[in-house]
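Undergrad: Requesting a structural model of the entry that follows:
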Amino acid sequence: MTRILITGSLGQIGTELTQQLRSKYGKENVIASDIRKNDGDDGPYHILNVLDKEGFSSLIKEQEIDWLIHNASVLSATGEKNPHLAMDVNIRGFENAIELARLNNLRILTPSSIAAFGPSTPQENTPDFTTMRPTTIYGVSKVYLELLGEYYNHKWGVDFRSLRYPGIISSEAPPGGGTTDYAIAIFHDALKQMRYTSFLNADATLPMMYMPDCLKGTIQLLEAEEEKLTQRTYNIAGISFNPAELASSIKKHLPDFEISYEPDYRQEIAGTWPKSLDDSNARRDWNWLPDFDLDKLVTDMLENLSNTLEITYK
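TA: As a prediction, the model looks like this:
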């Protein structure tokens, strides 16, 4: 039976990915870990600092891990406030993870991000292979992990896999430290107070994805037969939209909803990222295809979040 370790399991994606994998592989075979205590986990959970290489190694050996999903990361906006923390966690932490994957013959999946691109990258239909000159420490760390993972694959045959996440929207986790998290906060404020102030411009179009599609794509790449992979890092796309378009879709359900705009430093970050992604290689190699368009996402998000918040909006 496959044994999976997830680092950063208390993050936005890690929380739901842990649940999904446990439903598929068995609760006892998916070991969650993060840097802080978690009283609410209903399966195997260990406190782990990914900078503690010895403790990291011991956990892998004790739990007889086969696959490592390394999600531990400091996100874009938080990273700009504390770049040295981002360098430690995102770079040193990944160096520990990829080396332990080599030493223990693990399959390792570590997410990258659209933040790996930069202002000199073509913004429309951005391909997998293009100019990558990010201007945030988060983006720099993602380019580094992509290249180091490829190096470990070429040099030692480590089964490294990565996908470039767009902004992820979830009804389960609150907005965190990401530039694209406006697309989660807007739903909370729409349901609670019928208004939202965006920290991005109205026309700041970015690639986005609903969590069910994110989980689907992550698991598809994790489980794909290695011989079908023609590269180690893939773009993965869902929907591209801007705050004004998202607000317009929300107003179909909440006609009194209002949005205003007060762009801050996160708009400068967003302006360096692609507006849409070419994920044709993922579709070809491991049959990736998203299920949600914008209106379907908004309908599902409002229904799920209103239940969580115990708010009636219809």
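
Undergrad: OK, contacts around residue 182?
TA: 175, 198-200, 243, 266 (CB atoms under 8 Å, 6 or more residues apart in numbering). In short, each C-beta sits where N, CA and C put it, glycine included.

Undergrad: That one should be in a helix, yeah?
TA: Yes. Residue 182 sits within a helix when classified using DSSP: H, G, I helix; E, B strand; the rest coil.

Undergrad: hmm, back to that, will you turn the contacts of residue 182 into CSV that also has neighbour count?
TA: Formatted as CSV, these follow (neighbours: other CB atoms under 10 Å):
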residue, neighbour count
175, 17
198, 25
199, 19
200, 24
243, 23
266, 20
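
Undergrad: Relative to its centre, which residue of the chain is most distant?
TA: residue 256 (31.6 Å; CA atoms, centre = their mean).

Undergrad: so who does residue 16 touch?
TA: 170, 172-173, 211, 215.

Undergrad: buried set for stretch 50-69?
TA: Going by neighbour count (16 or more other CB atoms under 10 Å), the buried part of stretch 50-69 is 50, 53, 55-56, 59-60, 63, 65-69.

Undergrad: now the end-to-end length of it.
TA: With CA to CA, to the nearest Å as the measure, stretch 50-69 spans 12 Å from end to end.

Undergrad: Could you measure from the nearest residue to residue 47 once chain neighbours are set aside over to residue 46?
TA: Nearest non-adjacent residue to residue 47, counting by CB to CB, 6 or more residues apart in numbering: residue 37, 6.3 Å away. Counting by CB to CB, to the nearest Å, the gap from residue 37 to residue 46 is 11 Å.

Undergrad: Same question for residue 170.
TA: Counting by CB to CB, the gap from residue 170 to residue 46 is 24 Å.

Undergrad: now residue 312
TA: Going from residue 312 to residue 46 by CB to CB gives 40 Å.

Undergrad: Neighbour count: the two, which is higher?
TA: Between residue 312 and residue 46, counting by other CB atoms under 10 Å, residue 46 is the more crowded of the two (18 against 8).

Undergrad: In its sheet, which strands sit next to the host helix or strand of the more buried one, and in what direction?
TA: Assigned by DSSP states H and E, residue 46 belongs to strand 45-47. Paired with strand 45-47 in the same sheet, following DSSP bridges, are strand 30-34 (parallel).

Undergrad: residue ranges with poor pLDDT in this protein?
TA: Segments of the chain classed as low confidence (criterion: pLDDT under 70) are 41, 177.

Undergrad: Having no further points to raise, I will conclude here.
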